[in-house]
Each structure stands twice: as C-alpha cells, then as structure tokens.
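**Q** Quick check, what structure comes out for this input:
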Amino acid sequence: MLMGIFDSDRSGTIDFKEFSGLWKYISDWQNVFRHFDRDGSGSIEGQELAQAMKSFGYNLTPTVLTMVERKYASAPSVGYGPPPGITFDRFVRACVVVKTLTEAFQRADTDRDGWVQLNYEQFMSMTLAAP
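**A** Numbering: from 1, shown residues only. Here you go, the predicted model:
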C-alpha cells in the first residue's frame, strides 16, 4: 500500500527520493502511534483509538469506533504473536481508510448535511478506492 503511494512516477519501484519520503512518513506515523499508545502495550485499543481519531478530526460514534477496532485488531494469539488491539501497521491502514472514506463521503455530501444518496456503482467506487 505505502509503496504505491510513494511511487510518484508509477515506475513500479521507488528511487532514493521516493524512499526518503516513505521513510519520513513511516517515522512520523511511528511517533503518532507511540503518542496514542498511552499504556505502552504496542497496540492501540478502545479509548486510545477514540482519542487518536478525535485528534485527527474524526468524530466517530462508539459503534463506528468498535467496527474499526474489530476490523483492524490483530486476532487473539496464544503464546507468541502480536498484542491484542491494533498494531502499528494496522493502525496506519485504519487511519488511511477512515481518511479516504471520509473524504469520499464529503465529496458526495454536496449540501454538507451528513446524508448522501448513492447508487450501487457510486458506493462500490467509493469503498473499493479505499486502501
């Protein structure tokens, strides 16, 4: 996903300049993740996720926050494996998807009333464009 974002010339590879941009992007995201992983568990859960999304300007309902958490949380593991909750890579993906879908919704919500009317093709285009 990230390689595609930073392959600005669409060559299928990234050069040093593109790689430098990718490295900075990942570093910035790591700092954001550490900031919201308040308990230092190595994952983002419940209240941490709510605080992160709110700080990004997304006022998601508890129902939507629960859906995001369920979709992006690591599966429970016995013994070795990722901690419960949303790990770093899944956190970045969740944030990018929320941003992408929110922007797509806002483009369709021309009168800014929080409601849109979409046909099936518009809906599929909107959701399949999300990473």
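
**Q** what mean pLDDT would you report for stretch 116-131?
**A** Averaging pLDDT along stretch 116-131 gives 89.

**Q** now the end-to-end length of it.
**A** Distance between the two ends of stretch 116-131: 22 Å, counting by Cα to Cα, to the nearest Å.

**Q** Residues contacting it, please?
**A** Residues from elsewhere that reach stretch 116-131, judged by Cβ atoms under 8 Å, 6 or more residues apart in numbering: 1, 93, 96-97, 100-101, 104-105, 108-109. C-beta here means a position set from N, CA and C on the backbone, and glycine is covered the same way.

**Q** Would you list the buried entries among the residues you listed?
**A** Among the contacts of stretch 116-131, the ones that count as buried by 16 or more other Cβ atoms under 10 Å are 93, 96-97, 104.

**Q** Restricted to helices, list these.
**A** Residues from the buried ones among the contacts of stretch 116-131 lying in helices, with DSSP state H as the criterion: 93, 96-97, 104.

**Q** How many residues are close by residue 13?
**A** 9 (other Cβ atoms under 10 Å).

**Q** Distance check, it against residue 44.
**A** Using Cβ to Cβ, to the nearest Å, one obtains 32 Å as the distance from residue 13 to residue 44.

**Q** How about residue 101?
**A** 19 Å.

**Q** before we move on, back to that, could I get the ones in helices among the buried ones among the contacts of stretch 116-131 as JSON lines with distance to residue 26 and pLDDT?
**A** JSON lines is the format used below for these (distance: Cβ to Cβ, whole Å; pLDDT from 0 to 100):
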{"residue": "93", "distance to residue 26": "13", "pLDDT": "90"}
{"residue": "96", "distance to residue 26": "13", "pLDDT": "87"}
{"residue": "97", "distance to residue 26": "17", "pLDDT": "90"}
{"residue": "104", "distance to residue 26": "25", "pLDDT": "90"}
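
**Q** And stretch 7-26, what's buried?
**A** Under the neighbour-count criterion of 16+ other Cβ under 10 Å, stretch 7-26 has 14, 18, 22 buried.

**Q** and it, how far out from the chain's middle?
**A** Mean-position distance between stretch 7-26 and its chain equals 19 Å (Cα atoms, centre = their mean, to the nearest Å).

**Q** Using PDB, list the CA coordinates for that stretch.
**A** Extracted C-alpha coordinates of stretch 7-26, given in PDB (Å, rounded to 0.1, in the frame of the first residue of the first chain):
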ATOM      1  CA  ASP A   7       6.000   5.500  -6.300                       C
ATOM      2  CA  SER A   8       5.200   9.000  -7.700                       C
ATOM      3  CA  ASP A   9       6.500   8.300 -11.200                       C
ATOM      4  CA  ARG A  10       4.500   5.000 -11.300                       C
ATOM      5  CA  SER A  11       7.600   3.000 -12.300                       C
ATOM      6  CA  GLY A  12       6.700   0.100 -10.100                       C
ATOM      7  CA  THR A  13       9.800   0.800  -8.000                       C
ATOM      8  CA  ILE A  14      10.800   3.700  -5.700                       C
ATOM      9  CA  ASP A  15      14.000   5.600  -6.100                       C
ATOM     10  CA  PHE A  16      16.000   7.200  -3.300                       C
ATOM     11  CA  LYS A  17      13.900  10.400  -3.200                       C
ATOM     12  CA  GLU A  18      10.700   8.400  -3.100                       C
ATOM     13  CA  PHE A  19      12.200   6.100  -0.400                       C
ATOM     14  CA  SER A  20      13.200   9.100   1.700                       C
ATOM     15  CA  GLY A  21       9.600  10.300   1.600                       C
ATOM     16  CA  LEU A  22       8.400   6.900   2.600                       C
ATOM     17  CA  TRP A  23      10.900   6.600   5.500                       C
ATOM     18  CA  LYS A  24       9.800  10.000   6.800                       C
ATOM     19  CA  TYR A  25       6.100   9.100   6.500                       C
ATOM     20  CA  ILE A  26       6.700   5.900   8.500                       C
END
